[in-house]
Structure formats: structure tokens, C-alpha cells
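S.K.: Here is a sequence with its predicted model. Questions after.
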Amino acid sequence: MEPLETLIRDEIATTGPITCARFMALALYHPLYGYYAGGGQGREPLGWSGDYITSGDLHPLWGWTIARQLHQMWQLLNSPRHFDVIEAGAGRGLLAREIWRYAIECAPEWAAALRYTLLDRAPEQSPLRAAREQRLAGELTGLGAPSSAVTWAADVAHIAPRSLTGCIVSNELVDALPVHLLEKHGDTLSERYVALGRATGQFIEQIGAPSSQEVAAYLDAYKVPWRAFPDGWRCEVCPAAALWLRDISVVLARGFVLTIDYGDIARHLYTPNRRRGTLAVYMRHTLGEDPLAHPGQQDLTAHVNFTALIAAGRAVGLRLAGLTTQADFLRRLGIRAEAEAVAARLYPAADTERHTDRGQADYLRKRMLLGAVAPLLDPHGLGGFRVLIQQRGVSGAGRRLLGLQAEV
Ligand SMILES: C[S@@+](CC[C@H](N)C(=O)[O-])C[C@H]1O[C@@H](n2cnc3c(N)ncnc32)[C@H](O)[C@@H]1O
């Protein structure tokens, strides 16, 4: 048996059944054996050789396009001397690399102001973190970034409250936060716990009363009409998401919080048709069946309630600038035109010499480049992700942000 499984069993044997949120916290974030700590083997969970890809794996233009938005944010803030990017859940640093690339190649005056902090829960001393740091450092050196280009940290505890001007950015962090599982029967909500089967000793699910008043009241807080939903209806709720936003945004004096993830506003996320909730399991690019199997070796994730993030932001003085889809966001920021421009630069013979071998090769490479970008714009794929932008102290920004402006 894997050490993490033993550890979770011991905890259940001692304390009794645990919530799914507690199970996820251990399975994903145990400092030695958790999935995002490398599963006890320094294993990289992300990317083509891991369990699943994220937008940055498809093409560097994803990061380039976000950089373009961040650059404009700096301009909207009147080009301050320091512009801090705090990337939460930075993983391998794919976005950091592309933001620095853009700044160096396209906006040197912004590059001079840019300070970049990567936050992640892969523990500081872990082989996984060491490998990521080393790889990113090499890539940034190759780009000609200054040696101080990035700082890695676990959280923002070392940063004074309301001290930064810039942007807090995250991609697919909130969907990786621990969730509680609820189930509806009559006018009652129950919570599903993880227990040990008496006969088998295996992890099993057990129904009980909600683990806290906050969990019990969550759906009502977002005006979800769950009492009218069919019996047996299930969903996930994530009080941790609001706490995360509150805690991280504390460092922001002026600027933006840009959150990219899958999910929706509460009204569209919690519907009677979605009877089984959204909790999903990924292992080696395959959707798994059993969230309780192989703790530490597989990803557990659930869709994000963006209404909760908007409300949590409002409570700490963050105003909604806009909520859009990733496809619209990237399109408005010009990803298509940039992809064409890159293709024209790299593969010039694609459109002019199709009758030659070089022209054929360039044509195929151009198709591959445009094909790599296409899923980012697919409304049924990564293009359907939501992009939430909140702001503090930048009035009227919602109307001016390129990624939110309606196309003319
Ligand atoms: C799904 S991965 C996404 C990684 C990266 N953003 C990408 O797009 O490839 C989620 C990451 O968030 C990190 N994470 C989760 N909770 C976090 C928190 N509270 N603060 C910082 N990082 C966190 C995890 O360690 C993990 O690397």
C-alpha cells in the first residue's frame, strides 16, 4: 500500500470519516506524497508527459496573449516603476516564461518594471520544485531575462498588505482546491464523507450531516434553487476558493486579479441537469472513475463557481471588471492575427512556394501552428474556460481592458 493511503487510513481510523475536502487536501497537497508535491517520487504531474495538459502546453502564444493584457494593465495603471505579477499556482512556470519573452521582445520599458513571483504548493525542498526552478531559470537566461526575473514562494505571507501594484494571475488553480460533496434529499442537504469499509477496509463513501454551517448554507448563499432539484442530486462546494481570493488579494494596493479556469456562474453551474456534479479524476490523460483510488497519484478537480469569486472579491474591495470566455479573451487580444504573423515569419514559403518541397514543409508547419492554437478558441474545449478580471483602484478599467472589450 502507498504511504499516503496508509496515512489517510490512519487518520480515518483515529478521527472517523473525513470530508472529501480533507481527502483532497491530503491527496493533492500532502507535503511529501501529495499529487502536487510529486506523489512522493518527484513526478511532474503536468504536461504531455504527465497526467493532463493546460493551455500553456498547446502553444506559447497563449502566454504571449496574456502578456499583452498584462502589459496594457501596466499602461492603465500609468506605467508604474514597478509592476508586480504574482502568479498563483504557477506549476512549471510556462506562463512566466512567455510573459518575460513578450516583455523582452515587445515591451522593453515594461520589462524594466516587471517583477514576477511564482507561487505554488509544490514544496520548496521537493525534487519537483527544484526541477521546475532549474528549467525555468535556464529558459529565462536563454531569453536574456535579468537574473532577478522571477522569485519562487509558497504564498504571499512575506509580502506586506496593500503594498503591490500589478496583477495576480492564475490558470487552473481554483479548480484544484479541495471541495465538499453535497447530496440533496427532500429539503435536506447531506455531505458525503470518506470512511473505511468495515469488511474490506477500503475507502468508501458515507453520507452524513454537513460538516459545517458554511457548507450547509453554501448553495443558499448563492441563491441556488436546489430544493426544486431531483432527489439524489449531487454537487461540489468550495469555501476554500473565496478564502484563497481574500488571502491573496490582500497584497494588492492597485491593480487586477485575473483568474482563468473552467466553471461558470452559480446559476449555470448548479443546475438540475448536472445531477452528478463535476468532480473529475485525471491520470495519464485519461478520465478516471474513482476519486478515492490512488491518492497522490491522480488529479482531482471540480468546476469553479465564479459567482463565489466575484462575491468574495467584492467583500474585500475588488470590483468586477468583467467575466468572459477564454476564446473571446484571447481573440480580442489578437491571438489569431499573432498566430498568422508568427507563421508568416517562421514559414514564409507556406503561401508563396507551395509547389516546392520547402513550401510544402512550411505549409504543413503553418497548419500545425494554427492547429495548436485552435483548441484555445474552441468554445467546447479550452476556449470555454472563463476569464474573470477584478480590479482595485483602477476605475473604468473594465471598459478599457483589451481582453474584455467587445470587438468592433
Ligand atoms: C492545475 S495546476 C495548474 C498549473 C499551471 N497554472 C498551469 O496552467 O499549468 C494547479 C497548481 O496550483 C497549485 N496550487 C494549488 N493551491 C495553491 C495555492 N493555494 N497557492 C499556490 N498554488 C497552489 C498546485 O500546486 C498546482 O501546481
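M.R.: Okay, I see it.
S.K.: Quick check: residues of the stretch 201-350 of the chain near the ligand?
M.R.: Trp244 (CB under 6 Å from any ligand atom). No exception for glycine: its C-beta is placed from N, CA and C like everyone else's.
S.K.: what helix or strand is the residue of the stretch 201-350 of the chain found nearest the ligand on?
M.R.: Nearest to the ligand, among the residues of the stretch 201-350 of the chain, is Trp244, at 5.5 Å (CB to the nearest ligand atom). Using DSSP states H and E, Trp244 maps to helix 239-249.
S.K.: Other residues contacting that helix?
M.R.: By CB atoms under 8 Å, 6 or more residues apart in numbering, the residues outside helix 239-249 that reach it are 21, 86, 88, 155-156, 168, 173-174, 177-180, 214-215, 218, 257, 259, 304-305, 308-309, 311-313, 315-316, 318, 390, 392.
S.K.: if you set the cut-off to 6 Å instead, what comes out?
M.R.: By CB atoms under 6 Å, 6 or more residues apart in numbering, the list of residues contacting helix 239-249 from outside reads 88, 156, 168, 174, 177-178, 214, 257, 308-309, 312-313, 316, 318.
S.K.: Repeat that for stretch 301-313.
M.R.: Where contact means CB under 6 Å, 6+ apart, the residues beyond stretch 301-313 that reach it are 174-176, 179, 222, 236, 241-242, 245-246, 261-263, 265-266, 269, 278-280, 320, 386, 388, 390.
S.K.: buried subset of the residues you listed?
M.R.: Among these, the ones that count as buried by 16 or more other CB atoms under 10 Å are 174-176, 179, 222, 236, 241-242, 245, 261-263, 265-266, 269, 278-280, 320, 386, 388, 390.
S.K.: Could you list which of those residues belong to strands?
M.R.: Using DSSP state E, the members of the buried ones among the contacts of stretch 301-313 that fall in strands are 236, 261, 263, 280, 320, 386, 388, 390.
S.K.: got CSV for the residues you listed, with distance to Gly39 too?
M.R.: Output for these, formatted as CSV (distance: CB to CB, whole Å):
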residue, distance to Gly39
Glu236, 23
Asp261, 23
Gly263, 25
Ala280, 18
Leu320, 37
Arg386, 29
Leu388, 30
Gln390, 33
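S.K.: Greatest separation within the residues you listed: which pair is it?
M.R.: With CB to CB as the measure, no two of these lie farther apart than Ala280 and Leu320, at 27.5 Å.
S.K.: ok, and for stretch 245-260, which residues are buried?
M.R.: Neighbour-count burial for stretch 245-260 [16+ other CB under 10 Å]: 245, 248-252, 255-260.
S.K.: So which bits of stretch 203-217 are buried?
M.R.: 203, 210-211, 215-216.
S.K.: Residues touching that stretch, excluding its own?
M.R.: Outside of stretch 203-217, the residues within contact range by CB under 6 Å, 6+ apart are 17, 19, 180, 190-195, 197, 239, 292.
S.K.: End to end on it, go ahead and measure it.
M.R.: Using CA to CA, to the nearest Å, one end of stretch 203-217 lies 27 Å from the other.
S.K.: what about Pro123, how many neighbours?
M.R.: 18 (other CB atoms under 10 Å).
S.K.: same deal with Trp244?
M.R.: Trp244 has 21 neighbours, counted by other CB under 10 Å.
S.K.: what about the strands in the stretch 51-200 of the chain?
M.R.: Under the criterion DSSP state E, counting those that start in this stretch, the stretch 51-200 of the chain contains strands at 83-88, 114-119, 150-153, 164-171, 180-185, 188-196.
S.K.: would TSV of those strands with mean neighbour count, mean pLDDT and distance to Gln125 be doable?
M.R.: Shown next, in TSV, are the strands of the stretch 51-200 of the chain (neighbours: other CB atoms under 10 Å; pLDDT from 0 to 100; distance: least, CB to CB, whole Å):
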stretch	mean neighbour count	mean pLDDT	distance to Gln125
strand 83-88	24	98	20
strand 114-119	22	98	16
strand 150-153	18	98	12
strand 164-171	24	98	23
strand 180-185	20	98	31
strand 188-196	19	98	29
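S.K.: Using JSON lines, lay out these together with distance to the ligand.
M.R.: Rendered in JSON lines, the data for the strands of the stretch 51-200 of the chain read as follows (distance: least, CB to the nearest ligand atom, whole Å):
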{"stretch": "strand 83-88", "distance to the ligand": "5"}
{"stretch": "strand 114-119", "distance to the ligand": "4"}
{"stretch": "strand 150-153", "distance to the ligand": "9"}
{"stretch": "strand 164-171", "distance to the ligand": "4"}
{"stretch": "strand 180-185", "distance to the ligand": "16"}
{"stretch": "strand 188-196", "distance to the ligand": "20"}
